[in-house]
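S.K.: predicted model follows, preceded by the sequence.
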Amino acid sequence: MSTLSKRLSVAAMLSLAAIAFSAPVSAQTSKLIIESGDSAQSRQNAAMDKEQWNDTRNLRQKVNKRAEKEWDKEDVAFDSRDRCQQSANVNAYWEPNTLRCLDRRTGRTVAP
């Protein structure tokens, strides 16, 4: 048992000595790359972005026109409802489902 403990203690001392006397190894890995941003890759990306933007332009215009048309429709309906409710015709009433001013007796459209 004593030889085993001697061997372990010698091994422990050698490993500690190796760790203590070994120099830390490190390398400088940081590198600064300065690029003007005008590379072939960035020009290609810019061209692709512009092409995609132009391709979706028609779709964006359609969406904007539709939104404007819907807003105009709501605006006209709001004005029509006000005219219908302020009408002197007592048989006129506003139908919210069809957005029209109707006659109570006939159900036909009334011009307030």
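M.R.: Now that the structure is in, tell me what you want to look at.
S.K.: helices or strands next to the strand or helix carrying Gln41 in the packing?
M.R.: According to DSSP states H and E, Gln41 maps onto helix 40-85. If contacts are counted by 3 or more C-beta pairs under 8 Å, 6 or more residues apart in numbering; DSSP states H and E, helix 40-85 sits against strand 92-95, strand 100-103. C-beta coordinates here come from the backbone N, C-alpha and C atoms, glycine included.
S.K.: could these go into TSV alongside distance to Asp72?
M.R.: Formatted as TSV, the helices and strands packed on helix 40-85 follow (distance: least, C-beta to C-beta, whole Å):
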stretch	distance to Asp72
strand 92-95	19
strand 100-103	16
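S.K.: would you mind telling me which of these is nearest Val76?
M.R.: strand 100-103 (11.2 Å; C-beta to C-beta).
S.K.: what does the closest one contact?
M.R.: Strand 100-103 is touched from outside by 80-81, 83-84, 87, 89, 91-95, 108-112, with contacts defined as C-beta atoms under 8 Å, 6 or more residues apart in numbering.
S.K.: which of those are buried?
M.R.: Buried members of these, scored by 16 or more other C-beta atoms under 10 Å, are 80-81, 84, 87, 92, 94, 110.
S.K.: could the residues you listed go into a markdown table alongside distance to Trp53?
M.R.: Formatted as a markdown table, the buried ones among the contacts of strand 100-103 follow (distance: C-beta to C-beta, whole Å):
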| residue | distance to Trp53 |
| --- | --- |
| Ser80 | 39 |
| Arg81 | 41 |
| Cys84 | 45 |
| Ser87 | 50 |
| Ala92 | 50 |
| Trp94 | 44 |
| Val110 | 49 |
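S.K.: tally of neighbours for Thr29?
M.R.: By other C-beta atoms under 10 Å, 5 other residues sit near Thr29.
S.K.: brain fart, Lys65
M.R.: Look at Lys65: counted by other C-beta under 10 Å, it has 10 neighbours.
S.K.: quick one: it from Asp75, how far?
M.R.: Distance of Lys65 to Asp75, computed by C-beta to C-beta, to the nearest Å: 15 Å.
S.K.: kindly report the same for Trp53.
M.R.: Relative to Asp75, and taking C-beta to C-beta, Trp53 is found at 31 Å.
S.K.: I appreciate the help and will end here.
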